[in-house]
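Chemist: Okay, predicted coordinates and the sequence, questions at the end:
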Amino acid sequence: MTPAAAPTSARVDAWVWAIRLYATRLAATAACKAGHVKVNGAAAKPSQTVRAGDTVRAYTPGGERTVEVAGIITKRTSAPLAAQNYIDRTPPPPPREERPARVERERGAGRPTKRDRRLIERLRGRED
C-alpha cells in the first residue's frame, strides 16, 4: 500500500473551517456566500479552491483576519497542527485610546442641570 498523496487544493469553506477561522463548517459556508471570505482579493464562493501561496481574507466574529495558505487540510485538527497550515498576515490591532473616567451621579440626584452637563462634557474633553 502506498500512502495517499497530500492534496494540492481544497474548497475554501472547508479550509477556513479546518484552520479554525470559523467554529463550524456551516458558518464558514455562510460567510463565503455572504461575501465575507476573499481569495487573492476576489470574493470567494464556498466551492472555490485554494492552493498554497493564496491569500485569504476573512471577516470573522473576532475581527478581520488575513492569512496566507501554507498547507492544505480539509479535516479539522488541533490548533497547533492547524496553525502549521497558514501564515498569519493580520496586522496588529491599533492601540486602544484612553477613555476618560465615567461620570456617575449619585442615585436619586435627578437629571443633570445645564451647568452639570457642561462640566461633564468638559471632563470628557468635548469642549467647544
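Modeler: Ah, there it is. Numbering: from 1, shown residues only.

Chemist: Stretch 108-118: how far from the chain's middle?
Modeler: A distance of 41 Å separates the centroid of the chain from that of stretch 108-118, by Cα atoms, centre = their mean, to the nearest Å.

Chemist: before we move on, what about stretch 73-83?
Modeler: For stretch 73-83, the distance to the chain centre is 18 Å (Cα atoms, centre = their mean).

Chemist: And for stretch 41-49?
Modeler: For stretch 41-49, the distance to the chain centre is 17 Å (Cα atoms, centre = their mean).

Chemist: ditto for stretch 121-128
Modeler: Worked out by Cα atoms, centre = their mean, stretch 121-128 lies 34 Å from the chain centre.

Chemist: quick one, what contacts the nearest residue to Gln48 once chain neighbours are set aside?
Modeler: Once flanking residues are discounted, Gln48 sits nearest to Val12: 4.9 Å by Cβ to Cβ, 6 or more residues apart in numbering. In short, each C-beta sits where N, CA and C put it, glycine included. Neighbouring residues of Val12 by Cβ atoms under 8 Å, 6 or more residues apart in numbering: Cys32, Val37, Val39, Ala44, Lys45, Pro46, Ser47, Gln48, Thr49, Val50, Val56.
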